[in-house]
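Enquirer: Quick one, fold the following:
(2 chains)
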Amino acid sequence: MKRLLKAAAAAAMLVASAGIAAAETQNVVWWDFLGGGDGVRMKALIADFNKEHPDIQIQATTLQWGVPFYTKVRTSAGVGEGPDVMTYHLSRVPIALSEGVLSPITDEDLANAGLKKEDFFPRAIEAASSDGQLYAVPFDIHAVILYYNRDLLKGTPYLDADGKLTGINNLDDFNKALQAMKDKGVEVPLSIATADVSGGTVWRAFYTLLSQQGGQLIVGNEVLPGDNEAKAVKAVKILADWRAADLIPEQTAYPASVALFSAGKAAFHFNGVWEVPTFTDLHKKGSLGDWSATVFPTLLDQPATWADSHSFAIPKEAGKETDPAKRKAVMEVIGWMEKHALRWADAGHIPAYLPVATSAEYKAMEPNAAYAPLAEHAAYDPRSTIAGVASPVYDAALNIIEPAIDGLLSPEDAVAQMKEQLQPLLN
Amino acid sequence: MAMLSNRRKSALVAYSLVAPFVICFVIFFVWPTIHVIQMSFTDAPLLGGGSWVGLANYKKLLSDKLFYTSIVNNGYFVLLTVIPTTIIALLIALMVNRLRGGLQAFVLVIFFLPYVLPVSVVTQIWLWMLDFQYGVLQPAIAFFTGKPVAVFRNPHWVMPMLAVVTIWWTNGFNVLLFIAGLRNISPELYEAAALDGATPRQRFWRVTWPLLWPVTALVLTLQLILQLKLFDQVYLTSAGGPFNSSYVLLLMLYREAFQLNHGGYGSAIALVLVVLIAVISVLQFQILRIRSAR
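Expert: I've put the predicted structure just below:
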C-alpha cells in the first residue's frame, strides 16, 4: 500500500511538472513527406533539436509524399488547421502561389533564423521566390547523378588513374561507353527506372536531356513552342534508342533499377542523389563493390541537370492570426536545421546553405563533393502550375514518354500527345 | 379523441425514431449533393467559393477529348467485367451449392476471402504476381505470347488485366448472392421435375434459371453500377496509362479536383458520371424486367 501511494505521488508530480513544462514551451507542429532513408535522418535531426531546446518542441508527422501531401496542406491551410512548418518542394512553389497556401518569408523572419538570402545557392533562392519575394527557405538541392561501378569499368579508358569517370564528353562517347560495357558482357550497361510508377525518373531523364539542348518545356503559356518540340523529340529518341539497343533494361520498376546497380549487375545507374546512402551502406556491408558517382555528363550542347529542392515553408492559414512568438520559434527551427544540414547531406542531398555546402567537412564527403558542382547548372522544373512534383507533367512522363521508350509509340507521336494533353491545362 | 391523441403520439414517436437518420442523411448526403450541383456551375477551386460561370464547365467537358476517351474506357471495362463476373459467380455458386456442411462453408470462405481484402492489398498482390522481371505469372504469359509482358504498361493488356483483377477481387460477394438465391428455390420443385423425367439440363433451364432470375438481375445491376465507378485499381496500377488507354471518368475527376484544384470542373464531371450511372442502370433494369415478365 505504501509503495502504491509512493508511485501515485511520483506520477502526480510527473504530471504536474509536465504541465509546467508545457506552459513554457512552444510546440511547433511539423509536417513532412520524408518516408524513406532521408526520413530517418530527419527524425534524428528533429530529436536532437528537441533535446537541445527545452523551450521549443517539434511535433512531427510524416505524411504520404505527392498529391496526398499537397492536397492535405491545401485543404488544412484553407480552414486554418495547417501545420506551423512543413517541408515543400521548390518545384511546387508556382502551384502553391496560385493556390495561395504559402506565407511569405520576410527578411525579419530570416534574421530571426540567423540566415541571409546570400547564404544560399542563387538558383535555389530563385526557385523559392516570386517577384523578389521569398516563399520558402531552401534546405537542399537534390538532382540526378550518374552512379558508376568501378569494378566493371576497370581496364576501360573511362576510368582515370584516380578511379574517376573520364572521357565522356558527348552523347557519342556515352553510347560508346555503354556499348563497350555490353560487349564486355555486362548484363545492364545503364540501369534506369523506366517503369517508375510516379513517373519521376523518366521525367528527370527527359528534362535533363531537354535542358542540355537549351530546350524549354513551357514558354509563357505554350507547351513546347517552336524548336523546343524537336528538342523534346530528340530527348525521347535518345532514351528510346538506348532501349532499342538494349543498353537499358526493359520495363524496370524503381526498386529494380536500384537493385540492378547494388547487385553489381549494372555498370552505370541514372538516379537521384538520395540513393547515395543506400549504396554507401551496401558497400560497407560488402555486398556492393567499388562504386562512385558524379555529375551527369553533358551529352548534348550545354551542362544541365534536373534538380529540385526540399525547403521549409509556412502555410498561410485562413482566418488565423499569426502568433509572433510561434513564428519566431518556427524560424529558429528552420535556422537550426540549415546549420545542421551536414547531417542532411549524409542522405545524399546537396545542402542549399552555402556555409555548409562550402565547408571543409562537406568537401571531405565522398562522392557527395564530386557531384556538388551540379548546383551551378541545376535545371529546376518549369515555373508553371502544371509542373513540379506530382504534377500533370510527371503524369505525362509516366503516361506518354514511358511507352515511347518501350517502342509502343514513336518519339514524334509521344511529344505530340504530350503537347495535346498539357496545353489545354494552361489555357 | 383518445384515438386522435394516440395517433399524434405515435406519429411523434415515429418521427423521433427516423429523425437521427434523416438528420444525418440531410447533413452528410443531401447538403453536399446540393453543393456539388451548385459548384459545378462555378469556377471554384477545391476549397472556397468561385464565381458563377453558367454551363461553361459542361461545355468544356463536352469538348474535352479526354472525356470521350474516358467514357469509351469505362464502357470497355463494363463489357469486360459485368457479364463475365455474373457468369463466373453463377457457375461457382452452382458448384458450391452441391457441397454440404463444413466443406461448403470452407469453399465459400475461400471464394469470399479476396472480397475482404482492401483494394491496395489486392493490387499489390497482382502487381507482384505480374511483375515484369520477377512475377510468378510471367512464365504463363510468356507461354502464350513468347515473351513476358508488362501488362499494366501495355495498351492492349491493361484493361483486360484490370478486369481479371477486379473479378477476382469482387466475385465472392456475387457468389454469396447466388447461393442465397439458390437456397430459396424449394427442393420440391426439383423433385417434381425429376419425377416428370426432366434431365439435369432441363432442371437448370426450366427451374433454376427462371427462379434465380431476380437475383441474376440484381447482380447484373449492382455490378454495372460498381464497375462504372472504377477508380482504385486504375489509380494503383496503371495511373490511366499507357497513353490514356486506361483513363476513366473518376480518374479524370480526381486529377481535376485534387491535383489541379479545379473544384467546379471536377463537380461537373462528378454530376455527369452520376447521371450516366443513373440512366444506364435504370435502362438496364427495365430491360431485365421485360425479360423476367415474359
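
Enquirer: Next, work out how far apart the residue nearest to the spatial centre of chain A and chain B are.
Expert: With distances taken as Cα atoms, centre = their mean, the residue of chain A nearest its centroid is A:His142 (4.2 Å). Taking Cβ to the nearest Cβ, to the nearest Å as the measure, A:His142 and chain B are separated by 22 Å. To be clear about C-beta, it is placed using only N, CA and C from the backbone, and glycine gets the same treatment.

Enquirer: For the stretch 51-200 of chain B, what lies in contact range of chain A?
Expert: With Cβ under 8 Å from any Cβ of the partner chain as the criterion, the stretch 51-200 of chain B meets chain A at residues B:64-66, B:131-133, B:150, B:153-155.

Enquirer: What residues are bridge-paired with the residue nearest to the centre of chain A?
Expert: A:Asp308 (DSSP bridges).

Enquirer: hang on, it packs against A:Asp308?
Expert: Yes - using Cβ atoms under 8 Å, A:His142 is in contact with A:Asp308, at 6.1 Å.

Enquirer: What are the phi and psi values at A:Phe279?
Expert: The phi/psi pair for A:Phe279 (degrees, to the nearest 10) reads phi -70, psi -30.

Enquirer: so what's B:Trp128 up against?
Expert: B:134-135 (Cβ atoms under 8 Å, 6 or more residues apart in numbering or on different chains).

Enquirer: mind listing what's buried in the helix or strand hosting it?
Expert: According to DSSP states H and E, B:Trp128 maps onto helix B:119-129. Within helix B:119-129, the residues scored as buried using 16 or more other Cβ atoms under 10 Å in any protein chain shown are B:119, B:122-123, B:126-127.

Enquirer: can I get those residues in CSV with pLDDT?
Expert: Converted to CSV, the buried residues of helix B:119-129 look like this (pLDDT from 0 to 100):
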residue, pLDDT
B:Val119, 93
B:Val122, 93
B:Thr123, 93
B:Trp126, 93
B:Leu127, 90
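
Enquirer: Domain map for chain A?
Expert: For chain A, automatic domain parsing gives the domain ranges A:2-138+A:310-351, A:143-306+A:378-426.

Enquirer: of all these, which has the lowest average per-residue confidence?
Expert: With a mean of 86, domain A:2-138+A:310-351 has the lowest mean pLDDT of the domains of chain A.

Enquirer: Next, see if that one gets close to chain B.
Expert: Yes - judged by Cβ under 8 Å from any Cβ, domain A:2-138+A:310-351 comes into contact with chain B at A:67, A:71, A:74-75, A:78-79, A:95, A:98-99.

Enquirer: Would you map the helices across the stretch 51-200 of chain B?
Expert: Here the stretch 51-200 of chain B has its helices, by DSSP state H, counting those that start in this stretch, at B:56-62, B:65-98, B:101-116, B:119-129, B:138-145, B:158-184, B:187-195, B:200-203.

Enquirer: Quick check: which of the ones you listed is buried the most?
Expert: Greatest average neighbour count among the helices of the stretch 51-200 of chain B goes to helix B:158-184 (a mean of 20), per mean count of other Cβ atoms under 10 Å in any protein chain shown.

Enquirer: which strands and helices sit next to that helix?
Expert: helix B:65-98, helix B:101-116, helix B:119-129, helix B:209-228, helix B:232-237 (3 or more Cβ pairs under 8 Å, 6 or more residues apart in numbering or on different chains; DSSP states H and E).

Enquirer: Make CSV from these and add distance to A:Lys117 to it.
Expert: Formatted as CSV, the helices and strands packed on helix B:158-184 follow (distance: least, Cβ to Cβ, whole Å):
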stretch, distance to A:Lys117
helix B:65-98, 42
helix B:101-116, 56
helix B:119-129, 43
helix B:209-228, 53
helix B:232-237, 40
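
Enquirer: wait, A:Leu178 sits on A:Val188?
Expert: No - in this structure, A:Leu178 is not within contact of A:Val188 by Cβ under 8 Å, at 9.8 Å.

Enquirer: anything in contact with each of those two?
Expert: A:Ala267.

Enquirer: PyMOL command for the buried members of the residues of domain A:2-138+A:310-351 next to chain B?
Expert: Per 16+ other Cβ under 10 Å, the buried members of the residues of domain A:2-138+A:310-351 next to chain B correspond to this PyMOL selection:
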select buried, chain A and resi 67+71+74+78+95+99
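
Enquirer: which regions of the stretch 51-200 of chain B lie under the pLDDT threshold?
Expert: The stretch 51-200 of chain B contains no residues with pLDDT under 70.

Enquirer: Now do the strands in the stretch 51-200 of chain A.
Expert: Counting by DSSP state E, counting those that start in this stretch, one finds strands in the stretch 51-200 of chain A at the ranges A:56-62, A:85-89, A:129-130, A:133-134, A:137-138, A:140-149, A:188-191.

Enquirer: So for A:Gly388, which of those sits nearest?
Expert: strand A:85-89 (6.3 Å; Cβ to Cβ).

Enquirer: Name every strand pairing with the closest one and say which way it goes.
Expert: Short version: by DSSP bridges, strand A:85-89 pairs with strand A:26-32 (parallel), strand A:310-313 (antiparallel).

Enquirer: hmm, who's touching the last one?
Expert: Right, the one you point to is strand A:310-313. A:34, A:85-90, A:96, A:102-103, A:105, A:124, A:128, A:135-140, A:142, A:333-334, A:337, A:349, A:352.

Enquirer: after that strand, next one along is what?
Expert: helix A:324-339.

Enquirer: Residues in contact with the first helix or strand past that following helix going along the chain: which ones?
Expert: As assigned by DSSP H and E, the chain's next helix or strand after helix A:324-339 is helix A:342-345. Here helix A:342-345 makes contact (Cβ under 8 Å, 6+ apart) with A:38, A:41-42, A:44-45, A:139-140, A:337, A:351, A:356, A:359, A:361-362, A:365, A:368.

Enquirer: Out of those, which sit inside strands?
Expert: Counting by DSSP state E, those place A:140, A:351 in strands.

Enquirer: out of the contacts of helix A:342-345, which one sits closest to A:Thr252?
Expert: Of the contacts of helix A:342-345, the one sitting nearest to A:Thr252 (Cβ to Cβ) turns out to be A:Asp38, at 22.4 Å.

Enquirer: Could you pull up the residues touching the closest one?
Expert: Contacts of A:Asp38 (Cβ under 8 Å, 6+ apart): A:274, A:277, A:344, A:347-349.

Enquirer: Give me the buried entries from those.
Expert: Counted by 16+ other Cβ under 10 Å, these give A:274, A:277, A:344, A:347-349 as buried.

Enquirer: Need those in TSV (columns: distance to A:Pro54 and secondary structure).
Expert: As requested, the buried ones among the contacts of A:Asp38 are exported to TSV (distance: Cβ to Cβ, whole Å; DSSP: H, G, I helix; E, B strand; the rest coil):
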residue	distance to A:Pro54	secondary structure
A:Trp274	33	helix
A:Pro277	31	helix
A:Trp344	23	helix
A:Ala347	27	coil
A:Gly348	32	coil
A:His349	29	coil
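
Enquirer: just those now: which is nearest A:Ala193?
Expert: Taking these together and measuring to A:Ala193 by Cβ to Cβ, the closest member is A:Trp274, at 12.8 Å.
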